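Peer 1: Can you look at this prediction? I've put the sequence above it.
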Amino acid sequence: MTGITRRGALASGIALAATPFGISRSFAQSGPIKVGALYPFSGGLALLGDESFRGLEIAIEERNAAGGVKGRQLQIVRGDAVDPNQAVGEARRLTSVERVTCVFGTYSSSLCLAASQVTELAQIPYFEMGAISDPITERGFKYIFRTNPTAASFARAMVDAVRDAVAPAFNTDPKSLKVAIIHEDSLYGQTVAGYQKKRVQEIGLNLVETLPYSAKSVDLTPVVLRLKSAGADVVLQTSYQNDTVLFFRQMREQAYKPKAVIGAGGGYSLRDTMQAIGAENMEGALDVDFTQYQTNPEAAPGMPDFLKKYQAKYGMAPRSGHSLANYMGGHVFLDAMEAAKDLSAGALRTAVLAVDKPMGSTATGWGAKFNEAGQNERADPFLMQWQGGELVTVFPKKAAVKELKPVLGT
Amino acid sequence: MDILVQLIINGILLGSMYAIISVGLTLIFGIVRVVNFAHGELLMVGMYATYLLGAHLGLHPYVAAVPVTVLLFAIGALIQRFVIQPLLGAEEHIQIFATVGLSIALINLALLVFGADLYSLQVPSVHHSLRFGGYSLLVGQAVMLLCAIALVGGLHLFMQTTPLGRAVRATAQNRNAALLMGVPVERIYVFAFGLGAACVGLASALIMPLIPVTPSIGSYFVLTAFVVVVLGGMRSLYGAFLGAMIIGVVDSLSGYYIAPDLKEVVYFAIFIAILIFKPTGLFGLGRGTE
């Protein structure tokens, strides 16, 4: 039995090795352009991985309907990145077996960090449209580009919101507000909180507490009581779903009512979180995240159109803003591919670095202008608020659909 | 001072949550002598069952507790009969691998069926705050404490006064001697594993209205439950109960006075200290009985 499988494996290995590269390449010139789509399609991250992919899928379909890139149709080759190990394996398959022109992805930072090492070595451009970890574009890689904002922009937006949005809504001096930072203590929370602390000092706010906690905690009462005894007015929380639910429930149990709570996307943006907490308790909670759908369409041209297409294709409303961010990123990179001299990695890099879209010109409301490291410098997350069970954009003014309500809970 | 009292109250209530789970783990370990790494996942299964009964049939979690406890008893008994029993003669680490494998399988089954999203039940009556003299506790937590006390008391009575309880104790003390006395040891094992799982069923129905369920929820509890069981002396029901209370209060106090992210450090330090200085646990019966 083992003999047979071994022989089989050997035979397929030979077949692989014998594939004449020259032939397959010249064939590819006339056929469709293969692009990799690397997302977690199964496992614990699958829900939002799939949601992210849908945005890319719609962008590519639109492009194909409009004649494709350089007159050739685009063909998506999916890679299922369940965890960093598999992300590496799938990235190898996409680059060496499927021989894709570029890879789109990935939603999760740890998956992107792992997979992009493979593509960088293979000199295949990696287009990231959802992972927020800053180091992704800080490793000196030549062929990684990212359209979405990073953890540092999230942190900055949260802290600046205290000064620019919360304090004016309460008619107080921002420096009189006692600010507290709480965060789950894995890499995600640590990173965002680190940037927050720096920013708080830069703009001179009054930081009274910084409390890390484990996201697997089943009791956050100690955190709530610490905040209560410190008299924190504004709480900045970087969290997943479960700990967000627990925090809101236990805040109420301990009768702690800060003026405002600002979340860093993650657990805060999901409808399930709001339902678990209850719309009346989530009322007024602020959230900094990728652009969501209750945003002024004038600041995000193309979004209503995307919503219609999404509804028609999948028969439901988008489950989160991830699809929109991937839709926007997909278009930016596909435009760059069209503009490039040819589809080699070098030409694609030149084309991406030449992209220049002003703020407010894409479906997410972001612009696109990449620095040498490959990071889009015109992507800022917006400030949103839960109002009547809906997450509505409240800041900046141009993108807002509602006024910021100075309440928390009803 | 106010805060200290409130923290101790919270700690005891948290402890009662750990207590119900740990009592189940202690039963399985003490009688069947299997370290059940799938214990947390049994909790997860129970919580989903409670959720389904609540969301689709409108059952209050406290009513759902009855069918969920029975269901978990059955699942536990089946696990013992078809997973553990065939491995009884095998080495201990084989049994451990079997329960670890079961745990991974259950987590992925839940991912397949329910996805990674969280599900929660809105039960306002459970979230009602009872306030007295400036301190507060939830109805749901108070019920948990009462159930924990009733469970330990009930199991004690059962073990001490019924013939079946005596047979269980005999099996736990010496398997071969019990066998010679005509105790159907294998059936006792099936029963004991079911009983341990049933405790988790009770816990899951009580926890469901307080904490939303996800496929990985078991891992939030199970490590702590192991610490509690070792602290309590591996086989002692009261040990597990008191151990849970100690861990609950330590968790609550260190979370406030030291730092919320360091509370695990504190109770794992206690865990290591126990292993070094009193390996049989606070209420163990001495060397060789663990």
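Peer 2: Looks like it came in fine. In this text the structure is predicted, and so the values were computed from the model without any measurement. Numbers count the residues shown, from 1 in each chain, chains lettered A, B, ... in the order given.

Peer 1: any chance you could map the helices in the stretch 101-250 of chain B?
Peer 2: Using DSSP state H, counting those that start in this stretch, the helices found in the stretch 101-250 of chain B span residues B:139-161, B:163-173, B:175-180, B:185-207, B:218-232, B:237-257.

Peer 1: got the contact list for the closest residue to chain A within the stretch 51-200 of chain B?
Peer 2: Closest to chain A within the stretch 51-200 of chain B is residue B:120: 3.9 Å, counting by CB to the nearest CB. To be clear about C-beta, it is placed using only N, CA and C from the backbone, and glycine gets the same treatment. The neighbourhood of residue B:120, defined by CB atoms under 8 Å, 6 or more residues apart in numbering or on different chains, consists of A:245, A:275-276, B:51, B:212-213.

Peer 1: what about 10 Å?
Peer 2: A:242, A:245, A:249, A:272-273, A:275-278, B:47, B:51, B:54-55, B:208-214 (CB atoms under 10 Å, 6 or more residues apart in numbering or on different chains).

Peer 1: can the helices of the stretch 101-250 of chain B go into TSV with extra columns for mean neighbour count, mean pLDDT and distance to chain A?
Peer 2: Conversion of the helices of the stretch 101-250 of chain B to TSV gives the following (neighbours: other CB atoms under 10 Å in any protein chain shown; pLDDT from 0 to 100; distance: least, CB to the nearest CB, whole Å):
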stretch	mean neighbour count	mean pLDDT	distance to chain A
helix B:139-161	16	94	9
helix B:163-173	16	91	30
helix B:175-180	13	89	36
helix B:185-207	25	95	8
helix B:218-232	25	88	5
helix B:237-257	24	91	3
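
Peer 1: for these, which one sits closest to residue A:159?
Peer 2: helix B:237-257 (25.5 Å; CB to CB).

Peer 1: Now do whichever helix or strand comes after the closest one against helix B:237-257, angle only.
Peer 2: Following the chain from helix B:237-257 toward its C-terminal end, the next helix or strand by DSSP states H and E is helix B:263-277. Taking axes from the mean of the first three to the mean of the last three CA atoms, to 10 degrees, helix B:263-277 and helix B:237-257 form an angle of 140 degrees between their directions.

Peer 1: what's the offset of helix B:263-277 from the middle of its chain?
Peer 2: From the chain centre to the centre of helix B:263-277 is a distance of 19 Å (CA atoms, centre = their mean, to the nearest Å).

Peer 1: quick one on the thing from earlier: give me the buried subset of the contacts of residue B:120.
Peer 2: Members of the contacts of residue B:120 that pass the buried threshold by neighbour count (16 or more other CB atoms under 10 Å in any protein chain shown) are listed as A:242, A:245, A:249, A:272-273, A:275-278, B:47, B:51, B:54, B:208-214.

Peer 1: which one is residue B:205 nearest to, not counting chain neighbours?
Peer 2: Sequence neighbours aside, residue B:65 is the residue nearest to residue B:205 in space, at 3.6 Å (criterion: CB to CB, 6 or more residues apart in numbering or on different chains).

Peer 1: no no, residue A:221
Peer 2: The shortest distance from residue A:221 to any residue other than its chain neighbours is 4.9 Å, reached at residue B:10 (CB to CB, 6+ apart).

Peer 1: Can you name the next helix or strand after the strand or helix carrying that neighbour?
Peer 2: Counting by DSSP H and E, the secondary-structure element that holds residue B:10 is helix B:2-27. Taking DSSP H and E as the definition, the helix or strand that follows helix B:2-27 towards the C-terminus is helix B:39-57.

Peer 1: can you give me the mean pLDDT across the next helix or strand after that following helix?
Peer 2: Per DSSP H and E, helix B:39-57 leads on to helix B:61-79 as the next helix or strand towards the C-terminus. Model confidence over helix B:61-79 averages 96 on the pLDDT scale.

Peer 1: Buried residues of helix B:61-79, list them for me.
Peer 2: Neighbour counts using 16+ other CB under 10 Å place B:61-62, B:64-65, B:67-69, B:71-73, B:75-77, B:79 of helix B:61-79 among the buried residues.

Peer 1: The residue nearest to residue A:221 against residue B:145, yeah?
Peer 2: No. Taking contact to mean CB atoms under 10 Å, the distance of 11.4 Å between residue B:10 and residue B:145 leaves them out of contact.

Peer 1: between these two, what contacts are shared?
Peer 2: Counting by CB under 10 Å, 6+ apart, the shared contacts of residue B:10 and residue B:145 are residue B:137.

Peer 1: rewinding a little: for the residue of the stretch 51-200 of chain B closest to chain A, what are phi and psi?
Peer 2: For residue B:120, the backbone dihedrals are phi -140, psi 160 (criterion: degrees, to the nearest 10).

Peer 1: ditto for residue A:234
Peer 2: phi -130, psi 130.

Peer 1: Test my guess that it contacts residue A:162.
Peer 2: Yes. Checked against CB under 10 Å, the pair residue A:234 and residue A:162 is within contact range at 5.4 Å.

Peer 1: which residues do these two both contact?
Peer 2: What both residue A:234 and residue A:162 touch, as defined by CB under 10 Å, 6+ apart, is the set A:174, A:177, A:179, A:205-206, A:259-260, A:262, A:286.

Peer 1: I'd like to know which of those residues are buried.
Peer 2: Burial by neighbour count, 16+ other CB under 10 Å: within the shared contacts of residue A:234 and residue A:162 this picks out A:174, A:177, A:179, A:205-206, A:259-260, A:262, A:286.

Peer 1: Residue A:120: which of those residues is nearest?
Peer 2: The nearest member of those to residue A:120, counting by CB to CB, is residue A:262 at 35.3 Å.

Peer 1: who touches the nearest residue in space to that closest one that is not next to it in sequence in this structure?
Peer 2: In space, not counting the residues next to it along the chain, residue A:262 is nearest to residue A:286; the distance is 4.3 Å by CB to CB, 6+ apart. The contact partners of residue A:286, taken as CB under 10 Å, 6+ apart, are A:158, A:161-162, A:165-166, A:169, A:234-236, A:260-263, A:268, A:383-386, A:394-395, A:404-405, A:408.

Peer 1: do that again at 6 Å, thanks
Peer 2: Taking CB atoms under 6 Å, 6 or more residues apart in numbering or on different chains, we find residue A:286 in contact with A:260, A:262, A:385.

Peer 1: So the last one is in contact with residue A:394, correct?
Peer 2: It refers to residue A:385. Yes. Look at residue A:385 against residue A:394 with CB atoms under 6 Å: they come within range, at 4.7 Å.

Peer 1: Lowest mean pLDDT among the helices and strands, pick that one out for chain A.
Peer 2: Lowest by mean pLDDT, DSSP states H and E among the helices and strands of chain A is helix A:2-18, with a mean of 44.

Peer 1: thinking again about what came up before, in a markdown table: the helices of the stretch 101-250 of chain B, plus distance to residue A:350.
Peer 2: As requested, the helices of the stretch 101-250 of chain B are exported to a markdown table (distance: least, CB to CB, whole Å):
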| stretch | distance to residue A:350 |
| --- | --- |
| helix B:139-161 | 61 |
| helix B:163-173 | 74 |
| helix B:175-180 | 75 |
| helix B:185-207 | 57 |
| helix B:218-232 | 48 |
| helix B:237-257 | 54 |
